[in-house]
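Student: return a 3D structure for these sequence lines:
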Amino acid sequence: MSEPLRVLFVDDSEEDVFFLLRELKKGGFEPHHKRVDDAASLRTLLQSEEWQIVISDFHMPDFDGLMALQIFKETGRDIPFILVSAIVGEETAVLAMKQGAHDYIMKRNLARLVPVVQRELREAEMRGQQRRAQLALQQREEQLRQSQKMEAIGRLAAGTAHDFKNVLAVILGHSELLMREKDFNAAQRAKIEKIQHAADQARTLLVQLLAFSRKQELNPQPLNLSTTVSAMKPMLEPMLGSSIQFVVLPEPDVGLCEVDANSIEQVIINLVINARDAMPNGGTVTVGTANLAITPENATHHDGLPHGDYILLTVTDSGTGMTEETRQHLFEPFFTTKEPGKGTGLGLSTCYGTIHQSGGHIVVHSELGKGSSFRIYLPRLPGRELQRETSEAARHINDLELVT
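Tutor: Numbers count the residues shown, from 1 in each chain. Model (predicted):
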């Protein structure tokens, strides 16, 4: 069976390309090719299409192989670049190799073409595997650093919340006792009510801090997130306003995950409200669910997360996006980019704590001016066998991603 090969020829001679194609077909390849013979066309095709290999003639009118090689290097493509010539000398060939060509072939010895192509394709695949492994390692190291940082902040938040909880208990207890006294007039009682109200607000903040530090009380139960998201749509849609389109993409055959229903609903509400606030001029918010299997082959596309079966919940917006610096601090308690008085900075930290306490992961991708996408991975409960590939809904959700 022939092996498909996407090859870009840089050659001014259709006849020469014919002979090269014949050799490739004889060697077991099924070439899908295009031919260019000038710099502008070469740049365009290198940037607009995917290729497995570039084969360039050395001598062409007003254009040569070394010029083609320079343009190729500028694109940053890590695929084989092979020069073919009838008259190239040894010094020129060595120069081409030093400048980045992977090999050169004499036209009088085209029998070398197939073995060279096979070797270079193998080496290119090995380089690709090494890059993917290195990327996965970097992602895991970054996850570890982030996890350690958030763990330290969580311990501080938990200790702080515990201490303040005791102080608030005294304030609330004594204010309740004061309200039972009969000697206070209406104005004095109003002041005591304000004390109680402020203390209640502080208690709410403490609950959010405990959620971040994973100390909240949860009641996890098997849950179908597609059903949850669909049921929440009538409530969420009015919160977004007429200038924002709300799209729900629930996977119809999604598996179950074990989470606290009230907490995951609060996570969805927080993320949708954040998406709304990131789109002052309107846009689209998309909430989707999908089955997802993370394998060694696709782990790098999912931030190097542990392999396994997940339910993927995504909230994507077309808003203002954020800088990398903002993204790094996004889940920290009290961090906010909103104006004073517009937010406590605890919404996303609460989401983070809830998801991690449920055994899941939350990852955000964002780009300034192009929006943000929050991806929540929750372990899928064992049940019917899940195909070891991303479902159709997950692929559709991936198409919404802004950064990969």
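Student: find the nearest non-adjacent residue to D16, please.
Tutor: What sits nearest to D16 in space, not counting adjacent residues and going by Cβ to Cβ, 6 or more residues apart in numbering, is D57, at 6.5 Å. C-beta: built from backbone N, CA, C; applies to glycine.
Student: so who does the one you found touch?
Tutor: Shown in contact with D57 (Cβ atoms under 8 Å, 6 or more residues apart in numbering): 10-13, 16, 65, 83-85.
Student: do that again at 10 Å, thanks
Tutor: Going by Cβ atoms under 10 Å, 6 or more residues apart in numbering, D57 touches 9-13, 16-17, 20, 37, 63-65, 68, 83-86, 107.
Student: take these and keep only those in helices.
Tutor: Judged by DSSP state H, these include 16-17, 20, 65, 68 as members of helices.
Student: pLDDT added to the residues you listed, as CSV?
Tutor: As requested, those are exported to CSV (pLDDT from 0 to 100):
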residue, pLDDT
D16, 89
V17, 90
L20, 92
G65, 84
A68, 88
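Student: would you list those in a markdown table and tack on neighbour count and distance to R203?
Tutor: Putting those into a markdown table (neighbours: other Cβ atoms under 10 Å; distance: Cβ to Cβ, whole Å) gives the following:
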| residue | neighbour count | distance to R203 |
| --- | --- | --- |
| D16 | 18 | 80 |
| V17 | 21 | 76 |
| L20 | 25 | 76 |
| G65 | 26 | 73 |
| A68 | 27 | 69 |
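Student: need those in JSON lines (columns: distance to Y377).
Tutor: Listed next are the ones in helices among the contacts of D57 as JSON lines, based on distance: Cβ to Cβ, whole Å:
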{"residue": "D16", "distance to Y377": "52"}
{"residue": "V17", "distance to Y377": "48"}
{"residue": "L20", "distance to Y377": "47"}
{"residue": "G65", "distance to Y377": "48"}
{"residue": "A68", "distance to Y377": "44"}
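Student: all the helices of this protein, in order from the start?
Tutor: 14-26, 39-48, 65-74, 90-98, 113-180, 186-212, 225-240, 261-277, 324-329, 347-357, 392-399.
Student: what helices or strands is the strand ranked longest in the chain leaning on?
Tutor: Criterion DSSP state E: the longest strand present in the chain is strand 283-294. Judged by 3 or more Cβ pairs under 10 Å, 6 or more residues apart in numbering; DSSP states H and E, strand 283-294 is in contact with helix 225-240, strand 244-249, helix 261-277, strand 308-317, strand 371-379, helix 392-399.
Student: elements contacting the first one?
Tutor: Contact analysis of helix 225-240 by 3+ Cβ pairs under 10 Å, 6+ apart lists strand 244-249, strand 257-259, helix 261-277, strand 283-294, strand 308-317 as its packing neighbours.
Student: mind redoing it with 6 Å?
Tutor: strand 244-249, strand 283-294 (3 or more Cβ pairs under 6 Å, 6 or more residues apart in numbering; DSSP states H and E).
Student: also the third one?
Tutor: Packing contacts for helix 261-277, counted by 3+ Cβ pairs under 6 Å, 6+ apart, involve helix 347-357.
Student: list the buried ones in the helix it packs on?
Tutor: For helix 347-357, a neighbour-count test (16 or more other Cβ atoms under 10 Å) marks 347-357 as buried.
Student: put the alpha carbons of that helix into PDB.
Tutor: As requested, the backbone C-alpha atoms of helix 347-357 are provided in PDB (Å, rounded to 0.1, in the frame of the first residue of the first chain):
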ATOM      1  CA  GLY A 347     -15.300  34.000  42.300                       C
ATOM      2  CA  LEU A 348     -12.700  32.100  40.300                       C
ATOM      3  CA  SER A 349     -10.800  31.000  43.400                       C
ATOM      4  CA  THR A 350     -14.000  29.400  44.600                       C
ATOM      5  CA  CYS A 351     -14.300  27.700  41.200                       C
ATOM      6  CA  TYR A 352     -10.700  26.400  41.500                       C
ATOM      7  CA  GLY A 353     -11.300  25.000  45.000                       C
ATOM      8  CA  THR A 354     -14.500  23.300  44.100                       C
ATOM      9  CA  ILE A 355     -13.100  21.600  41.000                       C
ATOM     10  CA  HIS A 356      -9.900  20.400  42.700                       C
ATOM     11  CA  GLN A 357     -11.800  19.200  45.700                       C
END
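Student: right, I'll call it a day here.
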